[in-house]
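Trainee: Curious how this folds, go ahead:
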Amino acid sequence: MIGLVGTAAFAYLLAWALNRRLAWLNRLLLPPSLLGGAVLLLLGPQVSGTFGKEIVPLEYYDSYRTWPGVLISFLFSGMILEPATRRGKAGLAVISQSLYVWLIAFVQLAWGYTVVLFFAVDPHERLFAHAIELSFLGGHGAASAFYAVAERLGNRAAADLSVAAATIGMLFGLGGGLLLAAFHRRHNKFGVGLFLEAHSSSDLDSGPDARKKTASQQVSIPVTEQAEEEQRLLLSFLLPVLPVFLAYVLVEVLSGMMSAVQELPLFFFVILIAHTLKKLFQPLLSVPAVRTFHRLALEGLILSAVATLSLQTIEDHAGLLFALCAGAAVITVLLHLLAAPRLTPEYPDLALINFGMSTGTTAVGLALLRSLRQSLPVRSVQIYGLAAPFSGPFIGGGILSLLVFPELTMQLSPPVMLIATVALSVITVGLSFLLKRFQTG
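Mentor: Down below sits the predicted model:
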């Protein structure tokens, strides 16, 4: 166990150090977990083993292969239990943004089902239809979480393709997004909007007097308050473990009475239990500490998924992967240029964030917006943040993406799912136009 965890930690820290030292690598905005997983992949039997020098033993990868299915439960537990932060009022602009993200999900799923119609031979290969929605929209976290679902439904290769597509999507999002930002700079006319100040209020109060004031405040903190805060930090790492443990016990008990319970993933029960305990636990938790907890789970999930990625699977399904990614790339650009100006507010600022998000991560989207503006527009970032809770928990790696849609895919034929997702896309566009008409009317 020490060697297993230590090797993963070393690979992560090495990737983190390389990210900081190499400017060109840092500009790619690749997370250390992704790079660390790539390092482990190179050191394992699939790459270095082919040269007769297997640096990391095979049994380590057998263990890493089980990590995503376990860590996803801790990820959901921490995210659900995290105390809610105050949010502004959700206006019509927020609803428009939410509908646009749902439209992206439905269109990406529709493209996935279109490709599967031509490539899928075995019924289990229908799961390939989810590779784009989980990778481009969901990113590496969602693609890695898909392992638990894909293995249960009999096609781990679908998750392998999702992780590979997530990397392709992120690189395309950065490169293609920079071209779009340059296009907007050259051809589009847009207002300056509201910008973040160059220095925040906390930065302005950073002189010697402020440092003395801060030091005196730190000294004056009562010992009891400091002890309580330390206890909150400890509880923030322990309490999110409890829903996972209770879910495990519940599954063990129920499976003895109903064997069908074993067909459901553990994180399904974790979600139910975490929501049940949410109000009880939240007053005891520290927001930064809980975020660190589920961030650790996410980083470990991505690292282990990339490290155990099957290169043979990617080679065997290269045509399918190319069709999925190429089509998704074209669709994302068309949505940005044709749909976003008509359906979303604050164009092109918010649309650039959405472009980065729908090809990889929000960080890419913010980087693209930063390349267009001298400083980030407050209103666009605000709308994006306020709209996230209306889509993030459900699609792009949310409950619907990981629990509902894959089950429907296995039960219904690809043509039926294609018609359904196209119909949902049309309905979403119709609602967006009605909302915009209401705004202007």
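
Trainee: which stretches of the stretch 1-150 of the chain form helices?
Mentor: 2-21, 23-26, 32-43, 58-64, 67-81, 92-119, 131-132, 139-152 (DSSP state H, counting those that start in this stretch).

Trainee: after the last one comes which helix or strand?
Mentor: The one in question is helix 139-152. helix 156-187 (DSSP states H and E).

Trainee: could the helices of the stretch 1-150 of the chain be laid out in JSON lines, adding distance to residue 175 and mean neighbour count?
Mentor: Where you see a C-beta, it was placed from the backbone N, CA and C, and this is true even at glycine. Below are the helices of the stretch 1-150 of the chain laid out as JSON lines (distance: least, Cβ to Cβ, whole Å; neighbours: other Cβ atoms under 10 Å):
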{"stretch": "helix 2-21", "distance to residue 175": "18", "mean neighbour count": "15"}
{"stretch": "helix 23-26", "distance to residue 175": "13", "mean neighbour count": "10"}
{"stretch": "helix 32-43", "distance to residue 175": "17", "mean neighbour count": "23"}
{"stretch": "helix 58-64", "distance to residue 175": "30", "mean neighbour count": "16"}
{"stretch": "helix 67-81", "distance to residue 175": "28", "mean neighbour count": "25"}
{"stretch": "helix 92-119", "distance to residue 175": "19", "mean neighbour count": "22"}
{"stretch": "helix 131-132", "distance to residue 175": "18", "mean neighbour count": "32"}
{"stretch": "helix 139-152", "distance to residue 175": "17", "mean neighbour count": "26"}
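
Trainee: And the helices in the stretch 201-350 of the chain?
Mentor: Taking DSSP H, counting those that start in this stretch as the test, the helices found in the stretch 201-350 of the chain are 201-204, 208-219, 223-238, 241-257, 266-281, 287-307, 311-316, 318-334, 340-343, 349-359.

Trainee: so residue 409 makes contact with residue 130?
Mentor: Yes - the pair residue 409 / residue 130 is scored as a contact, 6.9 Å apart, by Cβ atoms under 8 Å.

Trainee: Between the two, tell me which one has more neighbours.
Mentor: Taking neighbours as other Cβ atoms under 10 Å, residue 409 and residue 130 compare with residue 130 leading, 29 against 24.

Trainee: pLDDT weak spots in the stretch 51-200 of the chain?
Mentor: The model of the stretch 51-200 of the chain has pLDDT under 70 over residues 84-90, 188-200.

Trainee: let's go with 80 and repeat that
Mentor: Counting by pLDDT under 80, the stretch 51-200 of the chain contains low-confidence residues at 51-54, 68-69, 72, 76, 84-91, 120-121, 187-200.

Trainee: right, and the helices of the stretch 1-150 of the chain - which one's nearest residue 347?
Mentor: Among the helices of the stretch 1-150 of the chain, helix 92-119 comes nearest to residue 347, with 10.7 Å by Cβ to Cβ.

Trainee: Just list what that closest one packs against, helices and strands only.
Mentor: helix 131-132, helix 318-334, helix 340-343, helix 349-359, helix 378-387, helix 414-440 (3 or more Cβ pairs under 8 Å, 6 or more residues apart in numbering; DSSP states H and E).

Trainee: Please work out which of those is packed deepest.
Mentor: Mean neighbour count, computed with mean count of other Cβ atoms under 10 Å, is highest for helix 131-132 among the helices and strands packed on helix 92-119, reaching a mean of 32.

Trainee: follow-up on the earlier one: of the helices and strands packed on helix 92-119, which approaches residue 64 most closely?
Mentor: Evaluated with Cβ to Cβ, those place helix 131-132 nearest to residue 64, the distance being 21.0 Å.

Trainee: Show me what that closest one is packed against.
Mentor: helix 92-119, helix 156-187, helix 318-334.

Trainee: I'd like those helices as TSV, with distance to residue 287 appended.
Mentor: Listed next are the helices and strands packed on helix 131-132 as TSV, based on distance: least, Cβ to Cβ, whole Å:
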stretch	distance to residue 287
helix 92-119	22
helix 156-187	27
helix 318-334	33
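
Trainee: Please identify which of those helices is closest to residue 389.
Mentor: helix 92-119 (8.7 Å).

Trainee: any idea how far that closest one is from the chain center?
Mentor: Relative to the chain's own centre, helix 92-119 is displaced by 16 Å; criterion: Cα atoms, centre = their mean, to the nearest Å.

Trainee: how far off helix 414-440 does that helix point, in degrees?
Mentor: Interaxial angle, helix 92-119 versus helix 414-440 (axes from the mean of the first three to the mean of the last three Cα atoms, to 10 degrees): 160 degrees.

Trainee: hmm, back to that, looking at the helices and strands packed on helix 92-119, which one has the lowest mean pLDDT?
Mentor: Sorting the helices and strands packed on helix 92-119 by mean pLDDT places helix 378-387 lowest, at a mean of 80.

Trainee: For residue 305, which non-adjacent residue is spatially closest?
Mentor: Nearest non-adjacent residue to residue 305, counting by Cβ to Cβ, 6 or more residues apart in numbering: residue 144, 3.5 Å away.

Trainee: From residue 354, how far off is the one you found?
Mentor: Counting by Cβ to Cβ, to the nearest Å, the gap from residue 144 to residue 354 is 22 Å.
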